[in-house]
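A.B. asks: Let me see the structure of the following:
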Amino acid sequence: MEIISSKSPCLFVLILILLCFLTHSKAQADPPFMEIPVGVILDMGSRVGKTVNSCISIVLSEFYAVNSHYKTRIVLHSRDTHGEPLHALSTALDLLEKPKVQAILGSQSEAEAKLMAVLGDQVSVPILSFSPVPSSNRHPYFLQITQDETAQVEAISSMALSYGWKDVIVIFEDTETGRDMATFMTKFLQEKRITVTYMIPISTSASNEALQEELHKLSNMQTKLYIIHASHSLALHIFKNAKCLGMMDAGYKWIATSKTMDLMDFMDDEVMEFMQGVVGLKSYVPQSRDLKKLTMKYHVMEFNDMNAYAISAYDGVSALAMAVEKTHSVLKLNTQDLATTSSAQWGTTLLNQMLRISFDGLRGNFKFMNARVMTQGPHIYTLYACTTNGAFLEIINVIGKEEVKVGFWTTDVGFTKKIGKLNSFPHDGLDTIVWPGGVLNNPTRRMLQVTSRRLRIGVPPRDRTGTLFEVKYDAKKNLTSVSGFCSEVFLASFGRLYPNVSFEFIRFEHGTYDDLIDRVHAGEFDAAIGDISITANRSKYVDFTWPYTDLGLAALTRNANATASLWIFMEPLGSDLWLASACFFILLGFVIWVLEHGTNDEFQGSPIQQIGVTLWFAFSTIVYAQRQKLESNLSRFVVTVWLFVVLVLVSSYTAALSSLLTVERIQLASMTGFIGYQASSSSHRVLAETLHFRDTWLKAYNTLEDMADALSRGSKNGGVDSIIDEVPYIKEFLARYPSGYSMTMVADMSNGFGFVFPKGSPLTLEISTQIARLREDGTLHMLQAKWLDQKSDSKSNPAPTILYLKGFRGLFLISGSTMAAALFLYMLYNIHEILHYAYAKLTGGKLAFILRFLLPKSAIQS
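C.D. replies: Numbers count the residues shown, from 1 in each chain. Take a look at the predicted model:
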């Protein structure tokens, strides 16, 4: 026992040494973690490539220092593309063959992204890209780790709505993704009722001459708000040429998307000079403590170099490292030997784990979403990363030699000056913006005041006289002048906005009103005024202001007697109302007879006499001529309610019949004579196509004198029996000839007169707003009284209306309820009297009276 106990410590030490040896051998046989090769393909000569490459090295060192328990380690294999897409593809193929990378990070350009996306699908290797692919392509292994560009379209629309912009021009890079973005932006803005008046694609190889030619076209358009979505180099090319053409001066507005502005940090002073006043949307990089601590710890790059691409790379590589670890765990459970796992199986599992990743990165919550806004394919995944409180874009303004932050845009509350501070009004959410030329905030209202050019205003294509609109031309002075109601409304509207703007009125001598509209559409005139009708077809080519005249068509006739229709007295009421009225008159007579014939001698006599008296009493209520004296209070109550119904019916019938008698004259004229109209108006189309008048019945007249002469002669003597035209023309006629004529509204089939501006002109909304103000403050009514109403003593008849039962159901319901209630009360009273009388007889002990009620009549007689 002593020998064994003495040898026990030696044996224990020997066992420990043996275990340590075996453990060390096992550790040498199996490495502490599994190395996963990942390719990095970047243009190392570019500033973005250098920054992203440095950031990737930082993130892996920091990530595995925190997660030292991970069983996997990403090993980077970096390659330089030298900015050549084909070289990037060749490098990727080499990485897939030699180190057999399990994922690739890169694709700075659209061309590289397209090639790498196809390659990733073929070899089942996830591609983490900084550039999107066109929406028409579907690549399940393509993952965009930058923010979706379409998200900023909502911010642009919010800015346009808050400043009242209704028209914009989109300038975009002529690539597949550029066209996708421009199309999406156009549709989104149109849904917000913001018109994209022009879309201009610019090639990256465009020369200065070609670019200036396109920009010159834009400068001649009314719309001066440009949204540019192009790469950094192309955008600089555009801004340089725009400055040469004076398009970076006052009156112009430029908004650049993040595709340009995310690289603003890399611009020199000369470049900043070309972009003075530009407002840009930039991917938001939150200056968090973690980010600042990270950059200060390594001192690899300055804090300002941590741009949106570097942040996206940092979060993207962190997500990749997490997904690699989870992939290793999943495959280890399903496979005994990971070395035998195929590349396709590894890539598919890694992709699935990437799509499940969600964590708090440097930008905020990081996760891949299977619902990209711009694309339609179910297999295109994009990063949806937002900062706290939903902010993910910052609004900057290029002022001097720096970019000034004027606010942020959040998905939750829109514009705000500070993250976490909510603003109810968008204008309060941004600091003061300095637009090109030093114009503060919104320069739209000052656009015409900063230019000395006179506005070219087109007027109708003929000399016109009258109070509505008059055009005079002085051949000696070569000067066209205008006067009348239309011109005064135009000058009053414009004067409130731009009191110092001058006009050059140009008479369009040859052509029609539609030709004048075409000239405005072509840009020869800045606007057109006069008796120009608003039509749907014309609105396709130009913009109209809100109408400043009355709407609809009216008929002008002489105040002469016309032979009315034989049954015109029946027309004011519909057949259902006639029938209902007759039934209620008879019902009234029946109810009164029931209530009165027992006690009132005037409702007694033979059956014929009772019927005659009852009907006479009922129908005499029309003229309140009933002679019979009512004795029952229930009868008096029923008749009182009915007389109120009769009062309303008679009054309505009288008014409708008066209107119909006037319209009858117009109908007679249309059937037996000719109809006249103003030659320059659009009423001919309405008369022929909508009201179905034959062309042989219609005659056109150019002047008020011709129309008056035609009405005085009548159809039988070569004239017309009535004039049907738009209300302003009829009022103008009555102002000249106030006696002997009447105006009657015919139909609401015209849209009135409006001022004409080119498509997309900001003046359309501004002048429309001033027209509304003129109407509200009474100025428009005063001008109408001055030019159109002051001399007229003719009466205007309202449009005739036929009355139907539907409008009087309430009256008949009240009257019918009253009659029913009276009959019910009368029956209750009679039943009560019979029961009371029977009870009195029974209690009196008269057996014969009782038997009379209980036994049959034959039994009593026997």
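
A.B. asks: Let me see the ranges of the helices in the stretch 101-250 of the chain.
C.D. replies: 110-123, 151-163, 176-191, 208-219, 232-244 (DSSP state H, counting those that start in this stretch).

A.B. asks: Report the angle between the second one and helix 176-191.
C.D. replies: If I follow you right, that is helix 151-163. 30 degrees (axes from the mean of the first three to the mean of the last three C-alpha atoms, to 10 degrees).

A.B. asks: before we move on, what about the first one?
C.D. replies: On the basis of the same axes, to 10 degrees, helix 110-123 is oriented at 100 degrees to helix 176-191.

A.B. asks: which residues sit against helix 110-123?
C.D. replies: Residues from elsewhere that reach helix 110-123 (C-beta atoms under 8 Å, 6 or more residues apart in numbering): 41, 81, 85-86, 88-89, 92-93, 96, 104, 106-107, 125-127, 129, 131-134, 137, 139-142, 175-177, 343-344, 347. (C-beta placed from N, C-alpha, C; glycine too.)

A.B. asks: Next: the last one.
C.D. replies: Residues lying outside helix 232-244 but in contact with it, judged by C-beta under 8 Å, 6+ apart, are 171, 173, 202, 204, 206, 208, 211-212, 215, 228, 230, 248, 254, 256, 259-260, 263, 266-267, 271, 274-275, 278.

A.B. asks: Next, the buried residues of the helix or strand following it.
C.D. replies: The first helix or strand that comes after helix 232-244 along the chain, using DSSP states H and E, is strand 253-256. For strand 253-256, the neighbour count (16 or more other C-beta atoms under 10 Å) marks Lys253, Trp254, Ile255, Ala256 as buried.

A.B. asks: Quick one: mean pLDDT over whichever helix or strand comes after strand 253-256.
C.D. replies: As assigned by DSSP H and E, the chain's next helix or strand after strand 253-256 is helix 258-261. For helix 258-261, mean pLDDT rounds to 88.

A.B. asks: likewise stretch 637-657?
C.D. replies: 85.

A.B. asks: can you check stretch 126-144 too?
C.D. replies: Rounded mean pLDDT across stretch 126-144 is 79.

A.B. asks: could you dump the helices of the stretch 101-250 of the chain to CSV with distance to Ser750 and mean neighbour count?
C.D. replies: Formatted as CSV, those follow (distance: least, C-beta to C-beta, whole Å; neighbours: other C-beta atoms under 10 Å):
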stretch, distance to Ser750, mean neighbour count
helix 110-123, 52, 21
helix 151-163, 32, 20
helix 176-191, 28, 18
helix 208-219, 35, 14
helix 232-244, 44, 20
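
A.B. asks: Which of these comes out lowest on mean pLDDT?
C.D. replies: Minimum mean pLDDT among the helices of the stretch 101-250 of the chain: helix 151-163, a mean of 84.

A.B. asks: which strands and helices sit next to that helix?
C.D. replies: Counting contacts by 3 or more C-beta pairs under 8 Å, 6 or more residues apart in numbering; DSSP states H and E, helix 151-163 packs against helix 176-191, strand 279-283, strand 391-399, strand 402-410, strand 414-416.

A.B. asks: could you dump those to a markdown table with distance to Ser219?
C.D. replies: Conversion of these to a markdown table gives the following (distance: least, C-beta to C-beta, whole Å):
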| stretch | distance to Ser219 |
| --- | --- |
| helix 176-191 | 20 |
| strand 279-283 | 19 |
| strand 391-399 | 20 |
| strand 402-410 | 26 |
| strand 414-416 | 29 |
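
A.B. asks: Out of those, flag the one nearest Leu76.
C.D. replies: strand 279-283 (24.5 Å; C-beta to C-beta).

A.B. asks: quick one: the closest one to strand 391-399, angle?
C.D. replies: 140 degrees.

A.B. asks: Give me the mean pLDDT for strand 279-283.
C.D. replies: 89.

A.B. asks: partner strands of it, parallel or antiparallel?
C.D. replies: Using DSSP bridges, the strands paired with strand 279-283 are strand 253-256 (parallel), strand 391-399 (antiparallel).

A.B. asks: Worst mean pLDDT among those?
C.D. replies: strand 391-399 (a mean of 82).

A.B. asks: orientation of the strand or helix carrying Thr327 relative to strand 279-283 in degrees?
C.D. replies: For Thr327, the element it lies in under DSSP H and E is helix 308-334. On the basis of the same axes, to 10 degrees, helix 308-334 is oriented at 20 degrees to strand 279-283.

A.B. asks: With distance to Leu643 added, can I get the strands paired with strand 279-283 in a markdown table?
C.D. replies: Shown next, in a markdown table, are the strands paired with strand 279-283 (distance: least, C-beta to C-beta, whole Å):
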| stretch | distance to Leu643 |
| --- | --- |
| strand 253-256 | 70 |
| strand 391-399 | 72 |
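
A.B. asks: what domains does the record give for this structure?
C.D. replies: Per automatic domain parsing, the structural domains of the chain span 1-30, 34-146+307-379, 150-256+264-287+386-445, 480-551+674-799, 820-861.

A.B. asks: now for these, which one comes closest to Leu595?
C.D. replies: So among these, domain 820-861 is nearest, using C-beta to C-beta, at 5.7 Å.

A.B. asks: average pLDDT for the closest one?
C.D. replies: Here the average pLDDT along domain 820-861 is 70.

A.B. asks: Likewise for stretch 544-560?
C.D. replies: The model assigns stretch 544-560 a mean pLDDT of 83.

A.B. asks: in that stretch, what counts as buried?
C.D. replies: Those would be Phe544, Thr545, Trp546, Pro547, Tyr548, Thr549, Asp550, Leu553, Ala554, Ala555, Leu556, Thr557, for stretch 544-560 by 16+ other C-beta under 10 Å.

A.B. asks: Where does the third one sit: helix, strand or coil?
C.D. replies: Following DSSP: H, G, I helix; E, B strand; the rest coil, the label given to Trp546 is coil.

A.B. asks: all helices for the stretch 451-600 of the chain, in order.
C.D. replies: So, for the stretch 451-600 of the chain - with DSSP H, counting those that start in this stretch - the helices run 485-497, 513-522, 575-596.
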